[in-house]
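J.: Build me a structure from this.
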Amino acid sequence: MGRHSLPDDEAPDGSRSGPRVRRRTVAVATMLVLAVAAGTGVAAQSGLLSFAKTCEGSAVHLDLVASPDIAPSVREIADRARKEQITSDGQCMDIRVTARENHQVAQELAEGRVKPDYELWLPDSGVWAEQVKALGDGVPLTPAGNVALSPVVLASVHSAGTTLGWPEKTYTWAQLAAAGGAQGTVRLGSADPARSATGLLALASISQSVAKEGPDADTKVAATAKLLSRRVSAADSQVVRTLAPEDPSNGDSRRNQAAFLSEQAAFAYNSDADGARHLELFYPEDGTPQLDYPYNLVDESELSTDEGRAATRFLVLLGEPESQQTLASHGFRLAGEKAAESLVHTAGGRDPQPYANQVGAGDPSSDALQETLGMWTITVQSARLTTVVDVSGSMQSPVPGREPESRIDVTKASLLQALDQFTPEDEIGLWEFATGLDGAHDYRKLVATARLGAPVQDGGTQRARLAKAFKALAAVPNGATGLYDTTLAAYKEARETFVKGKFNALVILTDGSNQDQFSISRSALISQLKALSDTERPVPLIAIAVGPDADREEVDQIARATGGAGYQVSDPADIQAVILKAIMAVGQTGEPSSQN
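T.: This is a model prediction of the structure:
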């Protein structure tokens, strides 16, 4: 920790209202924290500290904010310290423990607008300290050690565990994600990775695992994220409440059959539940990341010497045998020690799940976690997309290797698949275009852009209405590609109907270059698009050239005028993946490279 005096002959006032004449720097604190902690612990055990006869009027008061899962254990230890009058330099310690959601504390510390009313922070993961640094120059944190550990796993209700082959069958993270995917066998839930270290570590582990399986990893992970977003919970404590009861007659599709949890959360659930609601755990064989519960001093330079030393003494106390037993009884693993078999069994783990060798082996790097969080934020953000589809005569051409399917047939199928990836809060609309399609216009509005979950006048929802419209798309035999006028008209409307707080974009799919001799020129189109673009209300154009005859360079040049990009697919079946990839790329960088 910082500069420390020898134990005082008389215990000073431990209140937070008195002047703090002794300050410490973070640099000195980092060098001395372990030495002081060790020395204080030895002194306490050997009886060398100057213990006061009474705690009245001499206690050192510290407020500790802890992750909700570990707060009860730490509070129990703090209560024991108070009851047994455990001291720091002869002064009793009054550690007041408050449970608060980790993401809320991280945001507060990052912003630094309000002086914290606590001196210690014990989140569930070092992820949060990284977030504090990444989000701003707020309140400084001094890490002092780790209190406990808990692996991140997949927990399933018994029926889903049986379906997945628990406990004999083992999985990689990628395989577990696939089991909960669009074609998967279980309904998979998670806490929001933006608010949960458990959710973020699980998604980052999936990303690492999928990357080892081959190309298009980003797209596959984004698709997984999109599906997870439909079943996401705001906090870890809420995830277990979404799990389905084991009554086979309960077919509520809104309930999850499996979820990403910490081992400790599963332990707590199984300890409180009856046998019929027991969770079963899968420990991915390619490495299981851990929650590591770091103990942080908050704005250490503002602590008095007595407060700093008491903070260190309490950390030492958390590592003593009786405290470790308390933590273990609540389902936490202890650093440097093998987890007790009884803990793992209560949590729902059984051989041959590789919890013995692989726990901690899959911890993603800080960079990987930040990339995953960025991907999640962009991919899961509600989208407002107007989709404009080329229905010119050339869209009747057969797709090589898929005869007799035409480009329009495969495009429709791909759009229907893409539709499944969006949530009820996403807004999607549909236009079609070809020369002479609607009198003097080369385009026709089929479905106005609206929220997919919204009801429509003829019954059903916007999603059902769009699906019907996608299926009804048909090529116009003599129609040519009226690209320029259509692009300008669609972009103007997308700009006029911009919705703040959503990812607004225009998606155009075409298999050819502009063929309307009466339309505006390419240069005029680009000039007008640039004039319409507004960085405060961005609507990037995502232009997808479909098939070998489409001009990728043309669509890319047009799209870049709006901050978007052009893409090309040889097979219309790839449209679904490209739309998702384009949304990620445009959202993250603003100026992505054109893609083949």
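
J.: tell me which element residue 422 is part of?
T.: Following DSSP states H and E, one finds residue 422 outside all helices and strands.

J.: just residue 206 next, same as before
T.: helix 197-211.

J.: Show me which parts of that helix are buried, residue by residue.
T.: Buried residues in helix 197-211, defined by neighbour count with 16 or more other CB atoms under 10 Å: 197-210. Using the backbone N, CA and C atoms, a C-beta is placed for each residue, glycine as well.

J.: Repeat that for stretch 547-555.
T.: Buried-residue list, stretch 547-555, by 16+ other CB under 10 Å: 547, 550-552, 554-555.

J.: try stretch 171-189
T.: Quick answer for stretch 171-189 (16+ other CB under 10 Å): 171-181, 184, 186-189.

J.: next one: stretch 477-491
T.: For stretch 477-491, the neighbour count (16+ other CB under 10 Å) marks 479-491 as buried.

J.: now swap in stretch 60-76 and tell me
T.: Neighbour counts over stretch 60-76 (16+ other CB under 10 Å) mark 60-67, 69-71, 73-76 as buried.

J.: Ok, stretch 96-116 next?
T.: 97, 100-103, 105-110, 112, 116.

J.: what about the nearest residue to residue 349 once chain neighbours are set aside, neighbour count?
T.: Nearest residue to residue 349 in three dimensions, chain neighbours excluded: residue 281, at 4.6 Å (CB to CB, 6 or more residues apart in numbering). Number of residues near residue 281 (other CB atoms under 10 Å) recorded here: 25.

J.: Might you report the residue contacts of residue 405?
T.: By CB atoms under 8 Å, 6 or more residues apart in numbering, residue 405 lies in contact with 398-399.

J.: And it, its phi and psi?
T.: The phi and psi values for residue 405, taken as degrees, to the nearest 10, are phi -70, psi 140.

J.: quick one on the thing from earlier: now secondary structure and pLDDT too, for the buried residues of stretch 477-491, in CSV please.
T.: What follows is the buried residues of stretch 477-491, written out as CSV (DSSP: H, G, I helix; E, B strand; the rest coil; pLDDT from 0 to 100):
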residue, secondary structure, pLDDT
479, coil, 92
480, coil, 93
481, coil, 93
482, coil, 94
483, helix, 95
484, helix, 96
485, helix, 96
486, helix, 97
487, helix, 97
488, helix, 97
489, helix, 97
490, helix, 97
491, helix, 97
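
J.: what would those look like in TSV with distance to residue 396?
T.: Below are the buried residues of stretch 477-491 laid out as TSV (distance: CB to CB, whole Å):
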residue	distance to residue 396
479	10
480	13
481	13
482	17
483	18
484	22
485	22
486	19
487	22
488	26
489	24
490	23
491	27
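
J.: Closest to residue 442 out of those?
T.: Checking the buried residues of stretch 477-491 against residue 442 with CB to CB, the nearest one is residue 482 at 2.7 Å.

J.: Please name the residues that touch the residue nearest the centre of the chain.
T.: Central residue check for the chain by CA atoms, centre = their mean: the C-alpha nearest the mean position is that of residue 193, 2.2 Å away. Contacts for residue 193 (CB under 8 Å, 6+ apart) come out as 199-200, 202-203, 225, 372-373, 376.

J.: Which two of those residues have the greatest separation?
T.: Farthest apart among those by CB to CB are 202 and 373. That separation is 12.4 Å.

J.: follow-up on the earlier one: pLDDT wise, what is the residue nearest to the centre of the chain at?
T.: pLDDT recorded at residue 193 is 92.

J.: before we move on, which element is residue 92 in?
T.: Element membership for residue 92, per DSSP H and E: strand 91-99.

J.: same question, residue 370
T.: Per DSSP H and E: residue 370 is located in helix 366-380.

J.: List of residues touching that helix?
T.: By CB under 8 Å, 6+ apart, the list of residues contacting helix 366-380 reads 127, 130, 134, 193-194, 200-201, 203-204, 207-208, 218, 221-222, 225-226, 229, 232, 364, 503, 580, 583-584, 587-588.

J.: and the nearest residue to residue 482 once chain neighbours are set aside, helix, strand or coil?
T.: Spatial nearest neighbour of residue 482, excluding adjacent residues (CB to CB, 6+ apart): residue 442 at 2.7 Å. The three-state label given to residue 442 by DSSP: H, G, I helix; E, B strand; the rest coil is strand.
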